[in-house]
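Chemist: Sharing a model prediction with you, sequence too.
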There are 2 protein chains.
Amino acid sequence: MKGTIPRATVKRLPLYLQVLEDLPPAERTVSSGQLARAAGVKAANVRKDLSFLGSNGVRGVGYDAAQLRNQIARKLGRMDACPVAIIGAGNLGQALSGYPGFIDRGFEVAGLFDVDASKVGATYYGIVVESVDGLEKAIEQRGVSIGIITTVPAAAQDIADRLAAAGIRSILNFAAVTLEVPEGVEVRRVDLSTELQILSYYLHESA
Amino acid sequence: MKGTIPRATVKRLPLYLQVLEDLPPAERTVSSGQLARAAGVKAANVRKDLSFLGSNGVRGVGYDAAQLRNQIARKLGRMDACPVAIIGAGNLGQALSGYPGFIDRGFEVAGLFDVDASKVGATYYGIVVESVDGLEKAIEQRGVSIGIITTVPAAAQDIADRLAAAGIRSILNFAAVTLEVPEGVEVRRVDLSTELQILSYYLHESA
DNA sequence: TAGATTGTTAATCGATTAACAATC
DNA sequence: TAGATTGTTAATCGATTAACAATC
């Protein structure tokens, strides 16, 4: 079961899941065309993607919405609440602490950490900022499995090292640096100004 | 000059640019290997990418850092400040208003809008929240060229329609919906919980 | 049966990479 | 010359898509 689903497909599964969860309860069935429109791909691509889950559509009818939703959710590991730690209680870290999309999708903010003593103790959306000194202990005790880095760029690599050493295998990095991590640790990078620059290119290119 | 650079390359140009800007001034020259390490790709890939800018490396030596920086910045349209409008003054919109990475990269928050009258007039990082009623006028008067949507999902499509009608061709969408936009409008979607779900998949898959 | 939609194949497309001649 | 690194080709890889038989 390891590595069987192409990365391009994995990226789209959450989008399909969202469509299924937003579906009116009256619609018991969904077609590849519907999913395709919502995810911005072609219908054939959707069918190919779903074939990796073990195909279970019905020809001439479509896919059973409830069954497909469960199947995708299971693949994405959404069986039980997944505790995440946010390191860096700046604006972005604070905003993420209260992000409703996390709870909706089965993630739970199990800790919000900062190096700045003047921030420790503050509360955002019910989450109390803790000193980053206690990071490793918190990870172990609370079963944290995903780390979200929202520190300044200069601090990000050190935090990544500590996360990896503490056994974290999945990191979401908002800092504008490329992190070096040991084999087996998966990093996804979200760089807001990079996104803007990409848009900026297409802006000028099409003008 | 239209569409000549592959999308995969465009995505990496900002990463190269960052490396070049973080380079110690003493280093006048940079190799494809250095850039590759920082961007997480192979050196051959970097050389191929840079060849689309019109190759100007020196065999046996590398690339002139200053020249390459200018070349990439020009391609990305970084000649003058690019005004952006943020629609949705919730946590994320507030955080983005103060995001230093935008200024660093030549973007300027020219307006922060919200539909909620109780938010209008509040100030975040020097930006005063305005009513979304004035969106179109502000876009025209301030020469806004990129819209950032940080509204609730239900409001996002309406805002996208208004942005497109007002002549905006580039949208950065943080709302968890797929936007339908006219031909010629470029949308990039950043979905934070989708990123977590992708990580969650690899978490379980490798276990 | 007629209409709809899947599952899968084969073709195509785009991106990555190894390899190496060119050249500083 | 010896060492380094580019620019480019050709091979490979992975993802998308059109097309259509299968089947509800």
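Modeler: Yes, it's here. Numbering: from 1, shown residues only, chains lettered A, B, ... in the order given.

Chemist: May I see the buried residues of the lowest-mean-pLDDT helix or strand in chain A?
Modeler: Using mean pLDDT, DSSP states H and E, helix A:100-104 stands out as the lowest-scoring helix or strand of chain A, at a mean of 86. Residues of helix A:100-104 classed as buried: A:101-102 (neighbour count, 16 or more other Cβ atoms under 10 Å in any protein chain shown). Heads up, the C-betas are built off the backbone N, CA and C, glycines and all.

Chemist: can you check stretch A:190-198 too?
Modeler: Quick answer for stretch A:190-198 (16+ other Cβ under 10 Å): A:190-198.

Chemist: ditto for stretch A:57-73
Modeler: Those would be A:57, A:62-65, A:68-69, A:71-73, for stretch A:57-73 by 16+ other Cβ under 10 Å.

Chemist: ditto for stretch A:129-141
Modeler: For stretch A:129-141, using 16+ other Cβ under 10 Å, the buried residues are A:129-130, A:132, A:135, A:138-139.

Chemist: give me the subset of the buried residues of stretch A:190-198 touching chain B.
Modeler: A:190-198 (Cβ under 8 Å from any Cβ of the partner chain).

Chemist: And those residues, which is closest to B:Thr123?
Modeler: B:Thr123 lies nearest to A:Leu192 out of those, by Cβ to Cβ, at 21.2 Å.

Chemist: Does the closest one touch B:Ser97 like I think?
Modeler: No. With contact defined as Cβ atoms under 8 Å, A:Leu192 does not reach B:Ser97; the gap is 11.9 Å.

Chemist: The closest residue to DNA strand D within chain A is in what secondary structure piece?
Modeler: As assessed by Cβ to the nearest atom of the strand, DNA strand D sits closest to A:Gly60 within chain A, at 2.3 Å. Counting by DSSP states H and E, no helix or strand carries A:Gly60.

Chemist: next one: A:Val187
Modeler: In this assignment (DSSP H and E), A:Val187 forms part of strand A:186-189.

Chemist: ok, the buried residues of stretch A:57-73 vs A:Pro24, which is closest?
Modeler: Among these, A:Ala65 lies closest to A:Pro24 (Cβ to Cβ), at 9.8 Å.

Chemist: Report the central residue of chain A.
Modeler: By Cα atoms, centre = their mean, chain A has its centre lying nearest to A:Leu172, at 7.4 Å.

Chemist: Could you pull up the mean pLDDT of the helix or strand hosting A:Ile198?
Modeler: A:Ile198 is part of helix A:192-205 when elements are defined by DSSP H and E. Across helix A:192-205, pLDDT averages out at 88.
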